[in-house]
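Visitor: coords please:
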Amino acid sequence: MCVGVPMQVLRLESPFAVWCRDASGGEALIDIGLIAAPQPGDWLLTFLGAAREVIDEQTAAQIQSALAAVAAALDGEHDLDAHFADLINREPQLPEFLLPAKESAA
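Guide: Next comes the predicted model:
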């Protein structure tokens, strides 16, 4: 399974790398060659030691919660609603590119 992990930028190492911290407190040197230069405090979605995109803090928290749900499920927990609070009591929503095209008024 391929999983992106949110990490927060701690400090710049070079024009091509930054030191980041993950939710567990672990630090890693992350390649930033695929994104615009981030600043300390920014959140990155990382995969295999490289940043794929800059994300906001809310998105980072949602991804971290989903990753915690996967870990809980692997540990045998079956009540996972708390990990997906943003999805409880709302209707499913299609991404905009999957919505039917709106007809223009003639």
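
Visitor: mind checking the SS state of residue 94?
Guide: At residue 94 the chain is in coil, as set by DSSP: H, G, I helix; E, B strand; the rest coil.

Visitor: gap between the two ends of stretch 69-87?
Guide: Counting by Cα to Cα, to the nearest Å, you get 13 Å between the two ends of stretch 69-87.

Visitor: now that stretch, how far from the chain's geometric center?
Guide: 17 Å (Cα atoms, centre = their mean, to the nearest Å).

Visitor: quick one: average pLDDT of that stretch?
Guide: Mean pLDDT, computed over stretch 69-87, is 77.

Visitor: then stretch 28-39?
Guide: The model assigns stretch 28-39 a mean pLDDT of 96.

Visitor: roughly how far is that stretch from the heart of the chain?
Guide: That offset, for stretch 28-39, works out to 15 Å (Cα atoms, centre = their mean).

Visitor: what of stretch 75-94?
Guide: 16 Å.

Visitor: hmm, who's touching that stretch?
Guide: The contact list for stretch 75-94 (Cβ atoms under 8 Å, 6 or more residues apart in numbering) reads 62, 65, 66, 68, 69, 72, 73. Glycine gets a C-beta too; all of them are placed from N, C-alpha and C.

Visitor: can I get those residues in CSV including distance to residue 41, neighbour count and secondary structure?
Guide: CSV is the format used below for the contacts of stretch 75-94 (distance: Cβ to Cβ, whole Å; neighbours: other Cβ atoms under 10 Å; DSSP: H, G, I helix; E, B strand; the rest coil):
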residue, distance to residue 41, neighbour count, secondary structure
62, 18, 18, helix
65, 20, 16, helix
66, 22, 16, helix
68, 22, 15, helix
69, 26, 16, helix
72, 28, 15, helix
73, 31, 12, helix
